[in-house]
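1. could you work out the structure for the sequence below:
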Amino acid sequence: MSRKLLIRDLTLRDGQQSLFATRMSQKQVDRVLPFYKDAGFYAMEVWGGAVPDSIMRYLGENPWKRLQTISKEMDGKSKLTALSRGRNLFGYAPYPDEVIEGFCRNAIESGLNIMRIFDALNDMENVKSTIKYVKKFGGIADCAVCYTVDPHFTSGERLKAALKGQKLPKEVFTDAYFIEKAKTLEALGADMITLKDMAGLVTPARAGSLIKGLKENVKVPVDFHTHCTPGYGLGAVLMAMMNGVDIVDTNMWYFSGGSAAPAIELVAAFAKKLGIEMDVNMEAVKKINQELIDIRKELNAFDAMGSFPKPFDYDKLPAEVDALMDKAIAAASKNKEEEVLEACHAIESYYGFPKPNEIVKNAEIPGGMYSNMLAQLKAVKSEQILDEAMKLIPKVRLDAGLPPLVTPTSQIVGAQAVSCALDLNKGMAMYSVVSKQFEDLVKGQYGKTPIPVNPEFREKITGSKEEIPYNIANYKKQPNPVLEEYGGVKLAQNEQEELLLELFPLVAKDYLMSVRKAEFEAAKAKEQPEGVANETKVAEATGPLAFIGEKITAPLPGKVLAIDIHVGDTVKSGQTLLILEAMKMENDIRSPYSGKVRQILVKQGDTVGADEVLLEIENA
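-> So this is what the prediction gives:
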């Protein structure tokens, strides 16, 4: 009797997020759903991750409606799955149980079947509530262990640290570490375990040993999730298959490879050779891909790869590819990793998939983290210090307790490494500019880090040597104002909209404001007699005052999240003046001076450039 392999298709969430900046519209999704009904996938990842944020922010679409529409069309043919960050859900701060419960209930009522739950620190305390509420409302708890690697330190770096009285950590992220996390998750109620390799850093040999170890130590099904960025993806999936993995995450041909997951077509070909059964209708897959070709062309402006792979022949493998697959399987059976990679890279090269990203491979960071860092430095015209920022990542990560690099810790560590590189470039000390999120990570607000943070460093960053866990009692619910200008209605009008405000405060506020405005204008248009024009009043604009005091400028380009002072206020040196969202992080802009606020040149929601004047302080 042959073994069965289940497939989770990632195309409509992780696939489009990895390659096309999550820009698929509902209309584009709708075009492929009829074919998905016939494909026979065990599960389809369609929600969570960046989808809810992006479709509100860029497409003006309702995240709940997307999930509900897909659920209605699929009619139970495949399980629908989403990705969430444990107690953080989609945000950067922990949420109280009432928000987690409401989110899980609404997601499952909207058609979600499986919630993939992970914590960026692999802190098991942070996933307990989501597991509880997913199961309470009839969902399947897919609990992920985030894969990462230890930073490499040369003997010279270790000696230098020892001379300073510091001790660099020995290996932390062993097979035993990941297996123990998985066993804990199973005990907490996990219905399945995913080895989540968000950066594509699992080598084929490590994939084999980890999957084998997980299968020997947990009773629930094991899923393997990886990416192709550094070039390990296809070989790692092959080794996982040969070591008993139950479920593999894949993408459709035209949404696979590069920074995305391996292609279902290549996985299916390997499965056939290995005598592993897959209940996937490849004819339906072929039809989906025929539609995805056009959709990918429509998403050309966001295409991270820039070139299409050669078409896949669903009827017969080319002789060259057939021989390479045999070679890869033979090498995998003998655990000859280099030969596995050589064969798999040749297969990918034959079809024109991107070559391994050597920068990401050598730096051992997620591809998205690297691209974010590059974009951040381009925004301040400082691309030349990218190498310095990359070199600082191991130190920043170690200082922060060696967190795995996955959202949100990858953004937090990456943005801080960029800030530190900019500090050094300006002749300032490292950590002169620290984001609120980095401060919270070091403080202990995100949970327990894999190794303890040095108390001296914590005091330097936070002002206290003591770890200060997040206190849910301090959580403040987002305001839901009455919009007098749109007929006196509330901004969020039901529980689902209120949850959007909690999870995505700024994005949801803008999105819901546009929805209320459109509803108000549509209602008004119906009441408006024909030929009567709306009267519009234009406020007279005034320019800034001439500067006579000290200018407070933006250290980085970003968006003004909050302004904590008013004109005429007396402020002290070190006092927070406003909060600037830069590089997806919140940065407190503090006053270097004591004095009086003379003028404020920005308002909440404004986008500002690097070195742009934000306000003026008259010295005391």
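2. could you use CA atoms for every contact and neighbour count after this?
-> Noted.
3. helix, strand or coil for the closest residue in space to residue 548 that isn't next to it in sequence?
-> In space, and not counting its chain neighbours, residue 548 is closest to residue 618: 7.3 Å by C-alpha to C-alpha, 6 or more residues apart in numbering. Per DSSP: H, G, I helix; E, B strand; the rest coil, the secondary structure class of residue 618 is strand.
4. where exactly do the helices run in the stretch 151-300 of the chain?
-> Ranges of helices in the stretch 151-300 of the chain, per DSSP state H, counting those that start in this stretch, are 155-163, 175-187, 204-217, 233-242, 264-274, 282-298.
5. how about those in CSV, adding distance to residue 127 and mean pLDDT?
-> Formatted as CSV, the helices of the stretch 151-300 of the chain follow (distance: least, C-alpha to C-alpha, whole Å; pLDDT from 0 to 100):
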stretch, distance to residue 127, mean pLDDT
helix 155-163, 35, 70
helix 175-187, 9, 97
helix 204-217, 19, 97
helix 233-242, 25, 98
helix 264-274, 30, 97
helix 282-298, 34, 96
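6. hey, which of those is tucked in deepest?
-> Of all these, helix 233-242 carries the top mean neighbour count, a mean of 27, counting by mean count of other C-alpha atoms under 10 Å.
7. by contact count, what packs against it?
-> In this structure, helix 233-242 makes packing contacts with helix 204-217, helix 264-274, helix 319-333, helix 337-351, judged by 3 or more C-alpha pairs under 8 Å, 6 or more residues apart in numbering; DSSP states H and E.
8. spatially nearest residue to residue 433 (excluding sequence neighbours)?
-> Distance criterion C-alpha to C-alpha, 6+ apart; nearest residue to residue 433, sequence neighbours excluded, is residue 419 at 6.4 Å.
9. in terms of helices and strands, where is the one you found?
-> helix 409-425 (DSSP states H and E).
10. want to throw the helices and strands packed on helix 233-242 into JSON lines with distance to residue 548?
-> Formatted as JSON lines, the helices and strands packed on helix 233-242 follow (distance: least, C-alpha to C-alpha, whole Å):
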{"stretch": "helix 204-217", "distance to residue 548": "63"}
{"stretch": "helix 264-274", "distance to residue 548": "65"}
{"stretch": "helix 319-333", "distance to residue 548": "71"}
{"stretch": "helix 337-351", "distance to residue 548": "63"}
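11. for residue 462, which of those helices is the nearest?
-> helix 204-217 (37.2 Å; C-alpha to C-alpha).
12. any idea of the angle that closest one forms with helix 175-187?
-> On the basis of axes from the mean of the first three to the mean of the last three C-alpha atoms, to 10 degrees, helix 204-217 is oriented at 40 degrees to helix 175-187.
13. contacts for helix 204-217 next, please.
-> The contact list for helix 204-217 (C-alpha atoms under 8 Å, 6 or more residues apart in numbering) reads 175, 178-179, 182-183, 222, 232-233, 235-240, 242-245, 335-337, 340-341.
14. show me the shaky parts of this structure.
-> Applying pLDDT under 70 to the chain picks out residues 1-2, 154, 158-159, 162-163, 528-543, 582-585, 620.
15. list the residues that contact residue 365.
-> 199, 201, 405.
16. for the protein, longest helix please?
-> Longest among the helix segments of the chain by residue count, using DSSP state H, is helix 505-527.
17. the residue nearest to residue 548 contacts residue 595, doesn't it?
-> Yes: taking C-alpha atoms under 8 Å as the definition, residue 618 is a contact partner of residue 595 at 5.3 Å.
18. can you list residues touching both of those two?
-> Common neighbours of residue 618 and residue 595, counting by C-alpha under 8 Å, 6+ apart, are absent.
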